[in-house]
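A.B. asks: Sharing a sequence plus its predicted fold:
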Amino acid sequence: MRMKVDVLLGLQWGDEGKGKVVDVLTPKYDIIARFQGGPNAGHTLEFNEIKHVLHNIPSGIFRDDQINIIGNGVVIDPIIFKREIESIYKLKINLDKRLLISKKAHLILPSHRILDAASEASKGKTKIGSTLKGIGPTYMDKTGRNGLRVGDILSKDFKQKYLSLTEKHKRLLSMYDFKYKLEEYEEGWFEGIETIKKFLIIDSEHYINREMANGKSILAEGAQGTLLDIDFGSYPYVTSSNTICAGACTGLGVAPNRIGEVFGIFKAYCTRVGSGPFPTELHDSTGETLRKKGNEFGSTTGRPRRCGWLDLPALKYSVMLNGVTALIMTKADVLSGFDTIKVCSGYKTKDGIIDYFPHDITCVEESIYTELPGWSKNLTHVNDFKDFPSELTNYIKFIEKELGVPVTIVSVGPHRNQTIEH
Ligand code: GDP
Ligand code: IMO
Ligand code: MG
C-alpha cells in the first residue's frame, strides 16, 4: 500500500516541544525526516536520565530501528553537525546507515555565519534577534542560486567552489564595518565535511517516494514554527524558510496529495525568542512565573524566552495555513497553579477589533482576553485524560471548539513518558 507522509510542525514561534513529541511518536514510523531550517533549531529530548538537544539531526535518532533523513530543505552547518554526531556517539547510539543526508541540502559556510552577525550588528535596534547560525545568508544564497550543496562535497572542484563563494562573501562583508576571523572556523568546517562524507548522501526525494510506495510510514519533522514562516510569519521578524506544511512538500520532494496527518503542536501558553511583535506578551510577574515554571530559556542560544498567554487568532491562522488534522498541546503542567487563565480571542487596533492575524501585527494595540478558571493539581504524574482536573478539560474543549480540531496528545512534562495520548 502506498503510504502518506505525516507532518509534525509548530503552530507558534517555535520551541513548542517538537523534538520531544517526535521522539514519542517515532516508534509508529519507519522514517523520520527533517524538511527545513538548520541549526537555528534546538529540539530537546529527555529519556531515561538523558537530556539531549538536537540541531540538524532529526528527533527520531534515539530509537533503534528508524531511518532519519536530513531533507533537501534543510541547511547544514558541518561544524555543528560534527559536534552533534560526536555527542550522539558518546551515548552509544548506532548511527550506521540510519542517518541519510540529501544531496540537495545546502551548506552553511563559515562566512554565512559571519554575514549573519554583520547584518544583525548593522541593524542595531531593528535586528531580527537571529540565532546567528548563518540561516538567513545561506537561504539567500540558495534562492540567489549561489549556494553550495551537500552533493557538491563529492565533486572534484569542491574546494574551488568553496573558495569562490567565500571570496564573494568577503566582498559583501567589506560593505559592513565588521571585524571577523574566518580562519578560526575553516579548519573545523572542513573536518565537519569529512564527517558528513561518512554518512549516506542520497537523492532523498527518490528515496522517500520509493519507500512510501513500498509501504513505509514517514513522519516529517518541522523546525521553528508557523509564525516564523518566511511568507506568513511576523515578517521581517521571521526565519528564512517555509516552516508550514507546504515546506514539507518542497523540503522533501513529497507531492501535496501525499501528505497525511498534520500534527500541529502548541504550548498551552505562548513564547517567543528574538525580536518582533508578540501581542500576548506579559511583561509582569505572570510572565516571569511562566518563564520560571516552564524553564523558558532558548535550547540553542540560552536566551530567556518572552512569555505570554495563548493567542487564538494566531493559532487559527496556523491551523488554516497547515491544514492541521490533530492538535498536540504541550506544557500543560506549567499552567497548574494559576487562579485564572487568559486566552486571547481578538486584537484591538486603531481601526477597531479584529479576530484574525493581520499583515502587520504591530497594528495590535491591545489583546482582548477570555478568562477561564485555572487549576491547582500537579499534572506531572497524570497519565490519562480522564484524570485531568475539570478546568483543564474545559480549557482543552474551549481550544478544540475555537480551532475546530481535536487535541489528541497532551504533554505534561519534558520526559518521554510524560505524554498522554487520547
Ligand atoms: P522544540 O524546539 O519545539 O523541539 O522545543 P524545545 O526543545 O526548544 O523547547 C521545549 C522545552 O520544553 C524543552 O526544554 C523540553 O524539554 C520542554 N518540554 C517539552 N514538553 C514539555 C512539557 O509538556 N512540560 C514541560 N514542563 N516541559 C516540556
Ligand atoms: P525550534 O526548531 C524559536 C527565531 C530566532 C529569531 C528568528 C530568526 O527550536 O523551534 P534565524 O536564526 O532563523 O535567522 O532567527 O527566528 N528562531 C527560533 N525561535 N525556536 C526556533 O527553532 C527558532 N529558530 C529561529 O530567535 O527571532
Ligand atoms: Mg527549540
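C.D. replies: Thanks, I have it. Ligands and ions are numbered 1, 2, ... in the order given.
A.B. asks: okay, CA-based contacts and neighbour counts for the rest of this
C.D. replies: Will do.
A.B. asks: what sits against the nearest residue to residue 232 once chain neighbours are set aside?
C.D. replies: Spatial nearest neighbour of residue 232, chain neighbours left out: residue 226 (7.4 Å); criterion: C-alpha to C-alpha, 6 or more residues apart in numbering. Going by C-alpha atoms under 8 Å, 6 or more residues apart in numbering, residue 226 touches 9-14, 232-233, 243-244, 318.
A.B. asks: ok, 6 Å please
C.D. replies: 11-12, 243-244 (C-alpha atoms under 6 Å, 6 or more residues apart in numbering).
A.B. asks: Also residue 57?
C.D. replies: Applying C-alpha under 6 Å, 6+ apart, we find residue 57 in contact with no residue.
A.B. asks: per-residue pLDDT, the residue in the chain sticking out farthest from the centre?
C.D. replies: In the chain, counting by C-alpha atoms, centre = their mean, residue 156 sits farthest out from the average C-alpha position, at 34.3 Å. Per-residue confidence for residue 156 comes out at a pLDDT of 96.
A.B. asks: Among the contacts of residue 226, which one sits closest to ligand 3?
C.D. replies: Using C-alpha to the ion, residue 12 comes nearest to ligand 3 of the contacts of residue 226, at 11.4 Å.
A.B. asks: Checking that closest one next. Helix, strand or coil?
C.D. replies: Taken by DSSP: H, G, I helix; E, B strand; the rest coil, the conformation at residue 12 corresponds to coil.
A.B. asks: Double-check it against residue 228; I have them as touching.
C.D. replies: No - applying C-alpha atoms under 6 Å, one finds residue 12 not in contact with residue 228, separated by 7.8 Å.
A.B. asks: Need the contacts of residue 226 in TSV (columns: neighbour count).
C.D. replies: Below are the contacts of residue 226 laid out as TSV (neighbours: other C-alpha atoms under 10 Å):
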residue	neighbour count
11	31
12	27
243	31
244	32
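A.B. asks: which of those lies closest to residue 193?
C.D. replies: residue 243 (26.2 Å; C-alpha to C-alpha).
A.B. asks: which non-adjacent residue is nearest the closest one?
C.D. replies: In space, and not counting its chain neighbours, residue 243 is closest to residue 229: 5.0 Å by C-alpha to C-alpha, 6+ apart.
A.B. asks: quick one: pLDDT of that neighbour?
C.D. replies: 98.
A.B. asks: what do you get for residue 206?
C.D. replies: 98.
A.B. asks: got the buried residues for the helix or strand hosting it?
C.D. replies: In this assignment (DSSP states H and E), residue 206 forms part of helix 204-213. By neighbour count on 16 or more other C-alpha atoms under 10 Å, the buried set for helix 204-213 is 204-205, 207-209, 211-212.
A.B. asks: packing partners for it?
C.D. replies: Using 3 or more C-alpha pairs under 6 Å, 6 or more residues apart in numbering; DSSP states H and E, no helix or strand is in contact with helix 204-213.
A.B. asks: partners of the helix or strand just after that helix in the sheet?
C.D. replies: Next along the chain after helix 204-213, taking DSSP H and E as the criterion, comes strand 218-221. Sheet pairing of strand 218-221 (DSSP bridges) gives strand 5-10 (parallel), strand 31-34 (parallel).
A.B. asks: In JSON lines, list the contacts of residue 226 along with distance to residue 144 and pLDDT.
C.D. replies: Listed next are the contacts of residue 226 as JSON lines, based on distance: C-alpha to C-alpha, whole Å; pLDDT from 0 to 100:
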{"residue": "11", "distance to residue 144": "28", "pLDDT": "98"}
{"residue": "12", "distance to residue 144": "28", "pLDDT": "98"}
{"residue": "243", "distance to residue 144": "20", "pLDDT": "98"}
{"residue": "244", "distance to residue 144": "22", "pLDDT": "98"}
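A.B. asks: Now do the phi/psi pair for residue 136.
C.D. replies: phi -60, psi -60 (degrees, to the nearest 10).
A.B. asks: Where do the strands of the stretch 101-250 of the chain begin and end?
C.D. replies: Applying DSSP state E, counting those that start in this stretch to the stretch 101-250 of the chain gives strands spanning 106-107, 200-202, 218-221.
A.B. asks: How about the residues of this structure by ligand 1?
C.D. replies: Applying C-alpha under 6 Å from any ligand atom, we find that the chain lies next to ligand 1 at 14-20, 41-45, 294, 299, 330-334, 411-414.
A.B. asks: Within reach of ligand 2, which of these are there?
C.D. replies: 14-15, 41-43.
A.B. asks: Which parts of stretch 79-88 count as buried, going by neighbours?
C.D. replies: For stretch 79-88, a neighbour-count test (16+ other C-alpha under 10 Å) marks 79-82, 84-85, 88 as buried.
A.B. asks: Can I get it as CSV, trimmed to CA atoms?
C.D. replies: Extracted in CSV, the C-alpha atoms of stretch 79-88 (Å, rounded to 0.1, in the frame of the first residue of the first chain):
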residue,chain,number,x,y,z
ILE,A,79,30.8,22.2,12.4
ILE,A,80,27.7,21.8,14.4
PHE,A,81,26.8,18.6,12.6
LYS,A,82,30.2,17.0,13.6
ARG,A,83,29.7,18.1,17.2
GLU,A,84,26.2,16.6,17.2
ILE,A,85,27.4,13.3,15.8
GLU,A,86,30.1,13.1,18.4
SER,A,87,27.7,13.7,21.3
ILE,A,88,25.3,11.1,19.9
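A.B. asks: Run through who's touching that stretch.
C.D. replies: 188-189, 192.
A.B. asks: picking up where we left off before, burial check on the residue nearest to residue 243, number of neighbours?
C.D. replies: Residues near residue 229, counting by other C-alpha atoms under 10 Å, number 23.
A.B. asks: Isn't residue 41 up against residue 53?
C.D. replies: No - if you go by C-alpha under 6 Å, residue 41 and residue 53 don't touch, sitting 9.2 Å apart.
A.B. asks: low-scoring pLDDT stretches of the chain, where are they?
C.D. replies: Where the chain drops to pLDDT under 70, the residues are 1-2.
A.B. asks: residues in it within reach of ligand 3, list them.
C.D. replies: Residues of the chain lying near ligand 3 by C-alpha under 5 Å from the ion: 15, 42-43.
A.B. asks: for those residues, which one is nearest residue 109?
C.D. replies: Among these, residue 42 lies closest to residue 109 (C-alpha to C-alpha), at 19.4 Å.
A.B. asks: what residues are up against that closest one?
C.D. replies: 53-55, 299-300.
A.B. asks: Which positions in the stretch 251-400 of the chain make contact with ligand 2?
C.D. replies: 273-275.
A.B. asks: Would you map the helices across this structure?
C.D. replies: 18-25, 78-90, 110-123, 135-143, 158-173, 183-197, 204-213, 245-252, 285-293, 312-322, 390-403 (DSSP state H).
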